[in-house]
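S.K.: Here is my input; please provide its structure:
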Amino acid sequence: MHIAEGFLPPFHAAAWTAVATPFVIHGTREIGRTIKAHPEAKLLLGAAGAFTFVLSAIKLPSVTGSSSHPTGTGLGAVIFRPPVMAALGTIVLLFQALLLAHGGLTTLGANVFSMAVVGPWAGYAAFRLLAKAPFSVRIFTAMALADLATYVTTATQLALAFPGQTGFVGAWSAFLGIFAITQIPLAIIEGLIGVLIVKALRTWAAPELEALGVLGRSQTRGEAPTEKVSHA
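M.R.: Okay, the predicted model is just below:
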């Protein structure tokens, strides 16, 4: 990720676009509902998109036809839920394809599915499953897992498109191995950054986070992590 323009066979590019489209449509509607229900969170929503744009624009060479970088989608998934990130992530990836030549238009669907759909859902699932863990551990895990899940998905997409002589399993293992060299350290770094960002947000935007159900009242006062999470 990002898979480069024209790198995927046309059938694969079209198939991933078809798979990603319903998530993006649903996410666009969820953004509207979120703004209507929490107009005070508009700036926070914009910040989540900007955070994803900046982190995912840090591009490191990883494998032919692709690149390695943080994703930043785990933070937005925790705050606004994964459907919102499907729409925000699409906007981010579209701008990057047009302005930075990161990814492409023909591969936009594949990149959206890996970074804006699978990544946020994986991070959010980890955040919810670790409900009894310290809040910083939950954020770290959500951010790191959203990053890693994106690249596992990208490796799967590339292996399906280019199985080579070793077949899907061999190609998938090879792509995963190459990604892991840079992606595991990046995921750890992204998790740590997420912890720092959320710590700052708990100071600057505690009322908004509480209204969105991310924090309970006790956490806004710096007490033990007994927050409620109302996201379903």
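S.K.: And for stretch 47-59, what's in contact with it?
M.R.: Outside stretch 47-59, the residues within contact range by C-beta atoms under 8 Å, 6 or more residues apart in numbering are 2, 67-73, 75-76, 79-80, 84-85, 88-89, 91-93, 95-96, 100, 102, 115, 190, 193, 197. In this view, the C-beta of every residue, glycine as well, is placed from N, C-alpha and C.
S.K.: Tell me how far His69 lies from Ala146.
M.R.: Distance of His69 to Ala146, computed by C-beta to C-beta, to the nearest Å: 13 Å.
S.K.: neighbour count winner among those two?
M.R.: Of the pair His69 and Ala146, Ala146 is the one with more neighbours under other C-beta atoms under 10 Å, namely 35 against 23.
S.K.: For that one, give me the pLDDT.
M.R.: Here the pLDDT value assigned to Ala146 is 96.
S.K.: again with the one 5 residues further on
M.R.: Predicted confidence (pLDDT) at Tyr151: the value is 91.
S.K.: Report the contact partners of it.
M.R.: Tyr151 makes contacts with 1, 68, 114, 176, 179, 183, as judged by C-beta under 8 Å, 6+ apart.
S.K.: Most neighbours among the residues you listed, which one?
M.R.: Ranked by the number of neighbours (other C-beta under 10 Å), those place Met1 first, at 29 neighbours.
S.K.: Any buried residues in the biggest helix by length in the chain, and which?
M.R.: Assignment by DSSP state H gives helix 167-204 as the longest helix of the chain. Neighbour-count burial for helix 167-204 flags 171-172, 174-176, 178-180, 182-183, 186-187, 190-191, 193-195, 197-198, 201-202 (criterion: 16 or more other C-beta atoms under 10 Å).
S.K.: Tell me where this structure is predicted with low confidence.
M.R.: Residue ranges of the chain with pLDDT under 70: 1, 61-67, 216-232.
S.K.: Quickly note the distance from the residue of it most remote from its centre to Gly177.
M.R.: No residue in the chain sits farther from the centre than Gln165, which is 32.0 Å out by C-alpha atoms, centre = their mean. As judged by C-beta to C-beta, Gln165 and Gly177 stand 17 Å apart.
S.K.: Then Glu190?
M.R.: Glu190 is 20 Å from Gly177, by C-beta to C-beta.
S.K.: which residues touch Met143?
M.R.: Met143 neighbours (C-beta under 8 Å, 6+ apart): 74-75, 123, 187, 190-191, 193-195.
S.K.: Nearest to Thr34, out of the contacts of Tyr151: which one, please.
M.R.: Of all the contacts of Tyr151, Ser114 has the smallest distance to Thr34: 23.3 Å, by C-beta to C-beta.
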